[in-house]
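Participant: Build the 3D model from these lines:
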Amino acid sequence: MGQRKIRVQERAANHIAAIAWFIESKGMVATAEAFAERVYDFIEKLGNTLTVHSICRDPERAKLGYKCIPYRKKYTIVFIESETELIICEFIASKLIHW
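Facilitator: Reported below is the predicted structural model:
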C-alpha cells in the first residue's frame, strides 16, 4: 500500500487551528488538542494510493476539479488529488457548502 505526499495549504491549516482555538477558549484544552490530532490523522489516511475519491457535489468546486470528503458529518475536507500528491485546500463546515 503506497502513500501519496500530503500538503496542507495555509488556509486549511488556519481553519483547523481556529476551530481548535475555539474549543480551547471554552476551557477544553485537551479536547482541542485531540481534535486537531484526529483531523490530521484523518487527512493522513486520505493519502492511500489505492483509494480514489469522488468529485465535490458543489458545482463551483466541481468545476475546479476539487474532491470533497466529509469529516464527522459536520466538516468537509476539500482537496486536489493526483497520483503522487494530495493537496488539502479547505477544511470548512459542511453547512457552508451549497448544492
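Participant: And the helices in this structure, which stretches?
Facilitator: With DSSP state H as the definition, the chain shows helices at residue ranges 10-25, 29-45, 59-63.
Participant: So for residue 86, which of those helices sits nearest?
Facilitator: Distances from residue 86 to each of those were compared using CB to CB; the shortest belongs to helix 29-45, at 8.1 Å. All C-beta atoms are positioned from the backbone trio N, CA, C, and that covers glycine.
Participant: tell me what the closest one is packed against?
Facilitator: With contacts defined as 3 or more CB pairs under 8 Å, 6 or more residues apart in numbering; DSSP states H and E, the secondary structure elements packing on helix 29-45 are strand 5-8, helix 10-25.
Participant: Same list, the ones you listed, but as a markdown table with mean neighbour count and distance to residue 63 please.
Facilitator: Conversion of those to a markdown table gives the following (neighbours: other CB atoms under 10 Å; distance: least, CB to CB, whole Å):
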| stretch | mean neighbour count | distance to residue 63 |
| --- | --- | --- |
| strand 5-8 | 14 | 22 |
| helix 10-25 | 15 | 19 |
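Participant: got a markdown table for those, with mean pLDDT and distance to residue 96 too?
Facilitator: Written out in a markdown table, the entries for the helices and strands packed on helix 29-45 read as follows (pLDDT from 0 to 100; distance: least, CB to CB, whole Å):
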| stretch | mean pLDDT | distance to residue 96 |
| --- | --- | --- |
| strand 5-8 | 96 | 19 |
| helix 10-25 | 97 | 11 |
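Participant: Quick one: closest of the ones you listed to residue 55.
Facilitator: Among these, helix 10-25 comes nearest to residue 55, with 18.3 Å by CB to CB.
Participant: and that closest one, what other elements does it pack with?
Facilitator: If you count contacts as 3+ CB pairs under 8 Å, 6+ apart, helix 10-25 packs onto helix 29-45, strand 75-81, strand 85-93.
Participant: okay if I get the ones you listed as JSON lines plus mean pLDDT and mean neighbour count?
Facilitator: Formatted as JSON lines, the entries for the helices and strands packed on helix 10-25 read as follows, by pLDDT from 0 to 100; neighbours: other CB atoms under 10 Å:
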{"stretch": "helix 29-45", "mean pLDDT": "97", "mean neighbour count": "14"}
{"stretch": "strand 75-81", "mean pLDDT": "96", "mean neighbour count": "20"}
{"stretch": "strand 85-93", "mean pLDDT": "96", "mean neighbour count": "18"}
